[in-house]
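*Asks:* show me the folded form of this:
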Amino acid sequence: MRRIAIIGAILENPGESQRDFNALVSQYRGLVKGRMGIPFDEEDTAVIALTLQGELDDINALTGKLGSLPRVTVKTAISLRDAKA
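*Replies:* Numbers count the residues shown, from 1 in each chain. The predicted model follows:
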């Protein structure tokens, strides 16, 4: 089932977590349709939003891997209907 999804991520201390975060996103680059990142330098935090389209299992796999990174919090919203291929 192909779905559209958004992953919202908060990276605390991004200097330590951003490299691993970016490496994982790169592994799933075929899913990524858009990316927006906003640094909050004063708080040593970054917020990243990923817009995805792909198989539900792949979206869930990426979400799980990103959420397992230290100092990274993720939330995902996934469309209810199948996306057109």
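*Asks:* could you look up the SS state of the nearest residue to L31 once chain neighbours are set aside?
*Replies:* If the residues on either side of it in the chain are set aside, L31 comes closest to G54, at 3.9 Å by CB to CB, 6 or more residues apart in numbering. To be clear about C-beta, it is placed using only N, CA and C from the backbone, and glycine gets the same treatment. Under the three-state scheme (DSSP: H, G, I helix; E, B strand; the rest coil), G54 adopts strand.
*Asks:* if I pick G54, what's in contact with it?
*Replies:* By CB atoms under 8 Å, 6 or more residues apart in numbering, the contact list for G54 reads 2-3, 5, 28, 30-31.
*Asks:* between these, which sits nearest Q18?
*Replies:* Nearest to Q18 among the contacts of G54: Y28, at 16.0 Å, using CB to CB.
*Asks:* ok now do the closest one, which residues does it touch?
*Replies:* By CB under 8 Å, 6+ apart, the contact set of Y28 is 52, 54, 58, 61-62.
*Asks:* one step back: same list, the contacts of G54, but as CSV with distance to L69, secondary structure and pLDDT please.
*Replies:* Shown next, in CSV, are those (distance: CB to CB, whole Å; DSSP: H, G, I helix; E, B strand; the rest coil; pLDDT from 0 to 100):
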residue, distance to L69, secondary structure, pLDDT
R2, 26, strand, 93
R3, 23, strand, 96
A5, 18, strand, 98
Y28, 14, coil, 97
G30, 20, coil, 96
L31, 17, coil, 97
